[in-house]
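[1] okay, predicted coordinates and the sequence, questions at the end:
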Amino acid sequence: MSEKIWLSSPHMGGTELKYIHEAFSENWVAPLGPNVNGFEEDLERFLNQDVKVAVLSAGTAAIHLALIELGVGYGDEVICQSMTFSATANPIAYQGATPVFVDSETETWNLCPKALEEAIQDRIAKGKTPKAILAVHLYGMPYKVDEISAISEKYNIPVIEDAAEALGSTYKGKAAGTFGRFGVLSFNGNKIITTSGGGALVCHAQEDKDKAVFLSTQARDNAPHYQHSHIGFNYRMSNIVAGIGRGQMEVLSSRVEARRAMHEFYVNLFANIDGVMVFSEPNADYYSNHWLSAIVIDPEVTGKTREDLRLAFLEDNIESRPLWKPMHLQPVFFNAPYYGGKVAEELFDNGLCLPSGSNLSDEDRERISNVIKVYFGS
Ligand SMILES: *Cc1c(COP(=O)(O)O)cnc(C)c1O
């Protein structure tokens, strides 16, 4: 059997261990220390919008803390993009709140402004103004920032920007993660850079960051003994893990280039195959890190399905994966309200994520290309 080609696997730059060794030699083996501060500064510099970043144990933890800082509690409603990974929506349930799912549009596959406004108006008419809007940059593609921000302002509902997949993406030249009232990053093992596991909350005010750090370190009041006035969490990033992050920040730009080159590879590969669309930026305002390259297969034009292509890849030990199954179709959220049509459902039915790692070799690309050419008879 040929070696496995993964959808997206960790890709170390080489200097990560240097930061870990420093942590060991200075005994900063704790959820604080120079790597934690250094990684936060690296991210603030990279995002370049005067933001304050708190690094945490996971992107999921960052979403949870953003909801808490926005006062989301039991019985509240939070609007959430349906087409996403479950980690976007789960923290709404942690707070005892209800997710209200909204469909995507076809250009960026993210929150549809029309369906979003319809949802907000209907929830208000039913007696509850949603407390927040969770918008996602799916597979690195920025959502329609101007339109979503305008709706957020019109109804005075803050956006939590899930940029877990979009570090290195920009919209009109500004970094993804800096548009919402809060931004969320992830450094999970499959993301564009990884710390093995980890995340960050991007804030615009120092006091928001301070609150995130306070809540993520068990919410200790300022006293010599252990005193608590709030429920806290153990969500802070460790100084060891942050060392991996500092090393990864040194190669982030080249990782974005490599992922974008993979996208270009698929654009060329499918150029002459009718009925297959490679997910691409709608216009020059959008710059995706192309964390995952994805295609949509029109079964009527091609006579092929994404599932059969997935199985053909599997035959050669190549991983591919259907697009995210929308949250409003998930058994665990069967009860949640949903607004929109069938955009997300059809993307799920016909879409496939393809191997996109920054560490794929020419030989890997040759194998991927062969499977596609044989399957489509091109
Ligand atoms: C990965 C991911 C998350 C969660 O991040 P973790 O660091 O794995 O907790 C949240 N939202 C989206 C869209 C993701 O892809």
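    Structure's in. What do you need? Residues are numbered from 1 along each chain as shown.

[2] residue of the chain closest to the ligand, please.
    In the chain, the residue that lies nearest the ligand is Gly59 (2.7 Å; C-beta to the nearest ligand atom). In short, each C-beta sits where N, CA and C put it, glycine included.

[3] which residues of the chain lie near the ligand?
    Counting by C-beta under 6 Å from any ligand atom, the chain comes close to the ligand at 58-60, 84-85, 87-88, 136, 162, 164-165, 186, 188, 199.

[4] tabulate the residues you listed (TSV), appending secondary structure and distance to Asp210.
    Converted to TSV, the residues of the chain next to the ligand look like this (DSSP: H, G, I helix; E, B strand; the rest coil; distance: C-beta to C-beta, whole Å):
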residue	secondary structure	distance to Asp210
Ala58	coil	20
Gly59	helix	20
Thr60	helix	21
Thr84	coil	29
Phe85	coil	29
Ala87	helix	25
Thr88	helix	25
Val136	strand	26
Asp162	strand	22
Ala164	coil	23
Glu165	coil	27
Ser186	strand	22
Asn188	coil	25
Gly199	strand	18
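
[5] which ones are touching the closest residue in space to Tyr286 that isn't next to it in sequence?
    Counting by C-beta to C-beta, 6 or more residues apart in numbering, Tyr286 lies nearest to Pro142, which is 5.2 Å off, once chain neighbours are set aside. Residues in contact with Pro142 (C-beta atoms under 8 Å, 6 or more residues apart in numbering) are Thr108, Asn110, Ala166, Ser169, Thr170, Tyr171, Ala176, Tyr286, Tyr287, Ser288.

[6] if I pick the third one, what's in contact with it?
    Residues near Ala166 by C-beta under 8 Å, 6+ apart: His137, Gly140, Met141, Pro142, Ala176, Gly177, Ser288, Asn289, Trp291.

[7] I figured the residue of the chain closest to the ligand hits Gly199, correct?
    Yes: counting by C-beta atoms under 8 Å, Gly59 does reach Gly199; the two are 3.4 Å apart.

[8] which residues do those two both contact?
    In contact with both Gly59 and Gly199: Ala164, Val184, Leu185, Ser186, Phe187, Asn188, using C-beta under 8 Å, 6+ apart.

[9] tell me the buried residues within the residues you listed.
    Ala164, Val184, Leu185, Ser186, Phe187, Asn188 (16 or more other C-beta atoms under 10 Å).

[10] how about the residue lying closest to Met249 once chain neighbours are set aside, secondary structure?
    Among residues not flanking Met249 along the chain, Asp42 sits closest, at 4.2 Å (C-beta to C-beta, 6+ apart). Here Asp42 is helix, with the state taken from DSSP: H, G, I helix; E, B strand; the rest coil.

[11] residues touching Asp42, list them.
    Listed by C-beta under 8 Å, 6+ apart, the contact partners of Asp42 are Gly245, Arg246, Met249.

[12] those residues into CSV, with extra columns for distance to Asn268?
    Shown next, in CSV, are the contacts of Asp42 (distance: C-beta to C-beta, whole Å):
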residue, distance to Asn268
Gly245, 33
Arg246, 35
Met249, 30
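
[13] narrow those residues to those in helices?
    Cross-referencing those against helices under DSSP state H gives Gly245, Arg246, Met249.

[14] out of the residues you listed, who's the most crowded?
    Most neighbours among these, by other C-beta atoms under 10 Å: Gly245, with 27 neighbours.

[15] pretty sure that residue contacts Gly199?
    No: in this structure, Gly245 is not within contact of Gly199 by C-beta under 8 Å, at 10.4 Å.

[16] shared neighbours, the two?
    Shared contacts of Gly245 and Gly199, defined by C-beta under 8 Å, 6+ apart, comprise Val55, Phe187, Met237.

[17] if we can go back for a sec, need the contacts of Ala166 in CSV with pLDDT and secondary structure, can you?
    Listed next are the contacts of Ala166 as CSV, based on pLDDT from 0 to 100; DSSP: H, G, I helix; E, B strand; the rest coil:
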residue, pLDDT, secondary structure
His137, 98, coil
Gly140, 98, helix
Met141, 98, coil
Pro142, 98, coil
Ala176, 98, coil
Gly177, 98, coil
Ser288, 98, coil
Asn289, 98, coil
Trp291, 98, coil
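
[18] list buried residues within those.
    Buried members of the contacts of Ala166, scored by 16+ other C-beta under 10 Å, are His137, Gly140, Met141, Pro142, Ala176, Gly177, Ser288, Asn289, Trp291.

[19] please parse this structure into its domains.
    Dividing the chain into domains by automatic domain parsing, as the record does, gives the ranges 16-251, 253-376.
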